[in-house]
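Colleague: The following block contains a protein sequence and its predicted model.
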Amino acid sequence: MSEPVRKTLKVLEYLANPEKSVFSQSEVAIACAIPPATLSRILATFEERGLIRRQDRSHFVPLFSFRQERSFSDAYLGKTRRVLETIANQTRQSAELITLRYHSLYWQDKEQHPDLTLAIRASRGFSRELYELDSLSRIALAKLGRDWLLQQMEKTQFFSTGEVKRPMTPQEVLRTIDAIDLGAVAYDIEGNSMGVRRFTTLVSVPGEPPHFLAIAEAALGKAQMAAHIARNCEILLTARKFIETDAHVQQTA
């Protein structure tokens with residue numbers, strides 16, 4: 001898939017969100033990780049084709065809809081919703097259910113603790129690319145595999161996580177992906193470029209697409225960091241085991 005086509009599809013997918021009727025151009029640019037100039041060209045084409053209508057200079061209304069096949073069953077989403085609520089209550093942070101769409105991570109669901117003072121921007125329907133090698137991207141790319149990465153991704157576009165973005169060579173990227181244990185929890189103490197620290201684990205359930213459970217929090221200092229890491233890892237591994245075991249029991253019943 002060419003880069004222009006991929007970006008156009010990403011914008012279409014984002015604008016098809018049935019929970020919103022009006023979008024700002026800056027919002028779409030941030031959510032889809034597309035440069036404003038590129039987005040302006042895409043939106044101009046949509047406007048010419050009658051796919052959107054301008055409200056003013058920076059806001060517009062989609063005039064289209066499309067049905068994307070559900071990636072999860074309703075019963076499974078009900079189960080994961082309860083799991084997210086439990087994780088958010090245990091950690092007093094944000095709990096996320098994330099899957100893959102095209103070359104991007106897609107936030108399928110999220111539960112944020114009501115007492116959280118610093119909100120995490122990523123919410124249901126948010127998407128971002130895989131090029132920043134935080135815990136989410138590392139696990140996702142490890143699941144997709146080396147061959148997929150080498151064939152599908154722009155290998156010179158990857159960069160390190162943290163406050164300072166450092167370009168990573170293809171060799172560094174492959175070494176990083178090879179080091180991932182898909183049965184464990186990945187995390188970043190320093191947080192990503194948005195100042196968010198995530199703990200992430202892969203969930204594999206027959207009949208459902210691969211997806212990820214994550215705890216998201218502000219990348220602030222912790223007095224007892226080792227204990228904090230151990231607790232979050234235990235919470236995620238317990239939640240994953242519950243989901244996978246329950247699914248297995250239901251299949252064999």
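Modeller: Looks like it came in fine.
Colleague: What's the local residue count around Asn17?
Modeller: Residues lying near Asn17 (other C-beta atoms under 10 Å) number 14. Every residue, glycine included, has its C-beta placed from N, CA and C.
Colleague: Repeat that for Arg6.
Modeller: Neighbour count of Arg6, defined by other C-beta under 10 Å: 14.
Colleague: Report all helices and strands that the helix or strand where it lies contacts.
Modeller: Using DSSP states H and E, Arg6 maps to helix 3-15. With contacts defined as 3 or more C-beta pairs under 8 Å, 6 or more residues apart in numbering; DSSP states H and E, the packing partners of helix 3-15 are helix 25-32, helix 36-48, strand 127-129.
Colleague: what residues does the following helix or strand past the second one touch?
Modeller: Past helix 36-48, further along toward the C-terminus, the next helix or strand under DSSP H and E is strand 52-54. Strand 52-54 is contacted by residues 15, 43, 46-47, 60-64 when judged by C-beta atoms under 8 Å, 6 or more residues apart in numbering.
Colleague: Likewise for stretch 120-128?
Modeller: Stretch 120-128 is contacted by residues 10, 13-14, 17, 19, 31-33, 94, 96, 101, 104-110, 112, 194, 196, 216-218 when judged by C-beta under 8 Å, 6+ apart.
Colleague: same deal with stretch 174-183?
Modeller: Against stretch 174-183 from outside (C-beta under 8 Å, 6+ apart): 133, 138-139, 141-143, 146, 149, 168, 186, 202.
Colleague: Show me which residues of that stretch are buried.
Modeller: Buried residues in stretch 174-183, counting neighbours by 16 or more other C-beta atoms under 10 Å, are found at 174, 176-177, 180.
Colleague: Quick one: end-to-end length of it, please.
Modeller: By C-alpha to C-alpha, to the nearest Å, the extent of stretch 174-183 from end to end equals 18 Å.
Colleague: pLDDT averaged over it - what is it?
Modeller: The average pLDDT within stretch 174-183 is 94.
Colleague: Show me where this structure dips below the pLDDT cut-off.
Modeller: 1, 18-19, 66-71, 102-103, 152, 247-253 (pLDDT under 70).
Colleague: before we move on, back to that, out of the contacts of stretch 120-128, which are inside strands?
Modeller: 94, 96, 101, 104-110, 112, 196, 216-218 (DSSP state E).
Colleague: from the chain's centre, how far out does the lengthiest helix in the chain sit?
Modeller: Criterion DSSP state H: the longest helix present in the chain is helix 225-252. Here helix 225-252 is found 19 Å from its chain centre; the criterion is C-alpha atoms, centre = their mean, to the nearest Å.
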